[in-house]
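Novice: sequence and predicted structure, then a few things I'm wondering about:
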Amino acid sequence: MALTPKGYEQIVDPAASTALTVPAGSTCALIQAQDADIRWRDDGTAPTASVGEKLCAESDIWIEGAARLAAFRVIRTVAGADVNVSYYA
């Protein structure tokens, strides 16, 4: 399956629960925690620094489906965590 790049964003040190800015037509995303751990949820509920799925620093995950992308939220666990997101269709 060939993927078509749709865009990129970096969420800088998200101290509060933050949604993705999903480009039109995106169906999946590669999400990476940079420099520090983050927490995430894909059910539309805000994660906290201690509640949600943990993504360790320098790790990444694939999120598939427009509904999951729209519901995805992220937050840092400690200061200095950036989140890199590459979108595809």
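Specialist: Looks like it arrived, so ask away.

Novice: quickly find the element holding the residue most central in space within the chain.
Specialist: Ranked by distance to the mean C-alpha position of the chain (CA atoms, centre = their mean), the top residue is Ile31 at 4.9 Å. Assigned by DSSP states H and E, Ile31 belongs to strand 28-34.

Novice: pull out the buried positions in that strand.
Specialist: For strand 28-34, the neighbour count (16 or more other CB atoms under 10 Å) marks Cys28, Ala29, Ile31, Gln32, Ala33, Gln34 as buried. C-beta here means a position set from N, CA and C on the backbone, and glycine is covered the same way.

Novice: also stretch 4-11?
Specialist: Lys6, Gly7, Ile11.

Novice: still on that earlier bit, which neighbouring elements make contact with the strand holding Ile31?
Specialist: If contacts are counted by 3 or more CB pairs under 8 Å, 6 or more residues apart in numbering; DSSP states H and E, strand 28-34 sits against strand 60-64, strand 82-88.
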